[in-house]
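>>> My questions are about this predicted structure, shown below with the sequence.
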Amino acid sequence: MKICKFPRKSKLQVYKAYTEKQNKAHAKKFAGVPCDKRVVFAPHCMRNTAVCAAEERAGHYVCTECGGCKIKSISELVKKLGYEGLYVLKGGRAIMQLIKERKPKAMVGIACFFEGEQAFKILEEYDVAVQFVPLTKDGCSGTDTDLAEVEKVLLQK
Ligand code: SF4
């Protein structure tokens with residue numbers, strides 16, 4: 001006799017559930033951190049590489065707000081709110097490097113669900129409140145996120 005089973009959750013569903021749970025767990029602490037102790041990490045795959053005028057550093061780029069992609073709007077809001085900085089990461093390894101260098105108390109991470117899940121795990125042993133905003137389109141280039149969602153998270157107090 002065939003036994004009926006519930007369908008297994010896809011990996012995406014697992015990452016989504018995990019990151020949502022972590023966001024909730026970190027939300028109160030995040031809201032209590034002043035903006036000048038918060039950093040924002042965005043992925044390099046959101047850049048429009050055809051026109052991008054970002055300044056390159058060892059593990060990240062600094063957006064110069066050329067207007068080629070949505071990171072310009074994020075950069076403007078980050079500055080307006082007085083955040084410590086916006087870092088356009090070349091890869092996940094840059095997270096640790098920047099956390100050690102900049103010593104933020106809170107971090108907003110824009111990334112795909114997989115990277116978001118990894119970041120929460122990597123930062124478990126650090127005293128950093130994390131809020132994750134997922135990409136709405138992932139991939140190696142031409143990725144996207146919901147600016148309204150980013151703004152909502154950045155404004156959390
Ligand atoms: S807005 Fe910033 S990150 Fe986007 S393409 Fe221009 S310099 Fe690069």
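Sure, I can see it.
>>> What parts of this structure come near the ligand?
47-48, 51-54, 63-69, 71-72, 88 (CB under 6 Å from any ligand atom). Glycine gets a C-beta too; all of them are placed from N, C-alpha and C.
>>> From those residues, list the buried ones, please.
Taking 16 or more other CB atoms under 10 Å as the criterion, what is buried in the residues of the chain next to the ligand is 47-48, 52, 54, 63, 68-69, 71, 88.
>>> Let me have those residues in a markdown table, adding pLDDT and distance to Lys79 as columns.
Output for these, formatted as a markdown table (pLDDT from 0 to 100; distance: CB to CB, whole Å):
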| residue | pLDDT | distance to Lys79 |
| --- | --- | --- |
| Arg47 | 98 | 18 |
| Asn48 | 98 | 20 |
| Cys52 | 98 | 18 |
| Ala54 | 98 | 15 |
| Cys63 | 98 | 10 |
| Gly68 | 98 | 18 |
| Cys69 | 98 | 17 |
| Ile71 | 98 | 12 |
| Val88 | 98 | 14 |
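>>> Spatially central residue (nearest the centroid) of this structure, please.
For the chain, Gly109 is the residue whose C-alpha lies nearest the centre (CA atoms, centre = their mean; 1.6 Å).
>>> three-state assignment of that residue?
Here Gly109 is strand, with the state taken from DSSP: H, G, I helix; E, B strand; the rest coil.
>>> Can you show me the CA trace of stretch 76-87 as PDB?
Presented in PDB, the C-alpha positions along stretch 76-87 are these (Å, rounded to 0.1, in the frame of the first residue of the first chain):
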ATOM      1  CA  GLU A  76      20.900  58.300  -0.800                       C
ATOM      2  CA  LEU A  77      18.500  57.100   1.900                       C
ATOM      3  CA  VAL A  78      21.400  55.500   3.900                       C
ATOM      4  CA  LYS A  79      23.200  58.900   3.900                       C
ATOM      5  CA  LYS A  80      20.000  60.800   4.700                       C
ATOM      6  CA  LEU A  81      19.300  58.600   7.700                       C
ATOM      7  CA  GLY A  82      22.900  58.900   8.900                       C
ATOM      8  CA  TYR A  83      23.800  55.200   8.600                       C
ATOM      9  CA  GLU A  84      27.500  54.300   9.100                       C
ATOM     10  CA  GLY A  85      27.700  53.200   5.500                       C
ATOM     11  CA  LEU A  86      26.500  51.200   2.500                       C
ATOM     12  CA  TYR A  87      28.800  48.500   1.300                       C
END
